[in-house]
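Undergrad: build the 3D model from these lines:
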Amino acid sequence: MKKEKSPVWRAAKAAFPHTIPIFASFWFLGLTYGIYMNVSGFSFLYPMLMSLTIFAGSIEFVTVNMLLGAFNPLQAFAMTLMINARHLFYGISMLDKFKGMGWKKFYLIFGMCDESFSINYTAEIPADVDRGWFMFFVTLFNHFYWFSGSTLGGIFGSLIHFNTEGLEFVMTAMFVVIFMEQWMKEKKHTSALFGLGLSLLCLTAFGAERFLIPAMAAILIALTLLRGIIEKGGERA
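TA: Residues are numbered from 1 along each chain as shown. Next comes the predicted model:
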């Protein structure tokens, strides 16, 4: 009974149901990521520590190739900034919500993935539940799901022997699914077509090894300049 009266316990109980759908997706992707790291020649310690300290799924998949390639910290920084630039806008929109959070704010900023942002920004938190602790547990649960899935994938990837040919395609498949979801949500596809066109142009100009960063920079610049026109047409840039 004492636990139920605790604001921390009430917040944990209120936050957990919101994270159940995230558990299924994070565990599957986390296991896949851990296995991918293992078949790429890395110990389970790599996905365990990277999921604990980086906690950015798409970047963690990209990091596998970075670790296998030549040391290039500038490219790693640019790649991370380009892929996760959307978090800058997440942070701005959460400035008011994070006020007065004390030490919890630092963890909330660190652990603000897409899913945690969506829940914390839109959830109707009960009046008797502390808002700071609710957001903290949403972030903590989601972080734990990814961390545990990645660690188990890294461990069992070395214990279970099966044909892993083509497993590296999971990252490409993940981005294709995200693209298709956004395509289906939008009535007009101006921004998506810009992205495809500029990517193909940069692929032709720079080649398969060097086109990614120029393509992302070109897309960012084009959508920023054309944002007003796109939004007038009823589409999000």
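Undergrad: buried residues in the lengthiest helix in the chain, which are they?
TA: Of all the elements of type helix in the chain, the one with the most residues (DSSP state H) is helix 7-39. The neighbour-count check on helix 7-39 (16 or more other CB atoms under 10 Å) flags 10-12, 14-15, 18-19, 22-23, 26-27, 29-39 as buried. The way it works is simple: take the backbone N, C-alpha and C, and place the C-beta from them, glycine included.
Undergrad: residue boundaries of the helices in the chain?
TA: Using DSSP H, the helices found in the chain span residues 2-5, 7-39, 45-53, 57-68, 73-83, 86-93, 104-110, 114-122, 131-159, 170-185, 190-206, 212-225, 227-232.
Undergrad: CSV for these, including mean pLDDT?
TA: Listed next are those as CSV, based on pLDDT from 0 to 100:
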stretch, mean pLDDT
helix 2-5, 53
helix 7-39, 89
helix 45-53, 94
helix 57-68, 86
helix 73-83, 82
helix 86-93, 77
helix 104-110, 94
helix 114-122, 85
helix 131-159, 92
helix 170-185, 66
helix 190-206, 86
helix 212-225, 78
helix 227-232, 68
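Undergrad: any idea which of the ones you listed is most buried?
TA: Compared across the helices of the chain, helix 131-159 shows the largest average neighbour count, a mean of 21 (mean count of other CB atoms under 10 Å).
Undergrad: quick check: closest non-adjacent residue to residue 134.
TA: Using CB to CB, 6 or more residues apart in numbering and skipping the chain neighbours, the partner closest in space to residue 134 is residue 11 (4.6 Å).
Undergrad: pretty sure the one you found contacts residue 128?
TA: No - between residue 11 and residue 128 there is no contact under CB atoms under 8 Å: 9.8 Å.
Undergrad: what's the domain layout of the chain?
TA: Following automatic domain parsing, the chain resolves into domains at 2-159, 186-232.
Undergrad: got JSON lines for those domains, with distance to residue 176 too?
TA: What follows is these, written out as JSON lines (distance: least, CB to CB, whole Å):
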{"stretch": "domain 2-159", "distance to residue 176": "13"}
{"stretch": "domain 186-232", "distance to residue 176": "12"}
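Undergrad: what are the phi and psi angles of residue 124?
TA: Backbone dihedrals for residue 124, given as degrees, to the nearest 10, come out at phi -90, psi 100.
Undergrad: renumber starting at 22 from here on
TA: OK, 22 is where the count begins now, so the last one is residue 145.
Undergrad: identify the residues contacting it.
TA: Counting by CB atoms under 8 Å, 6 or more residues apart in numbering, residue 145 touches no other residue.
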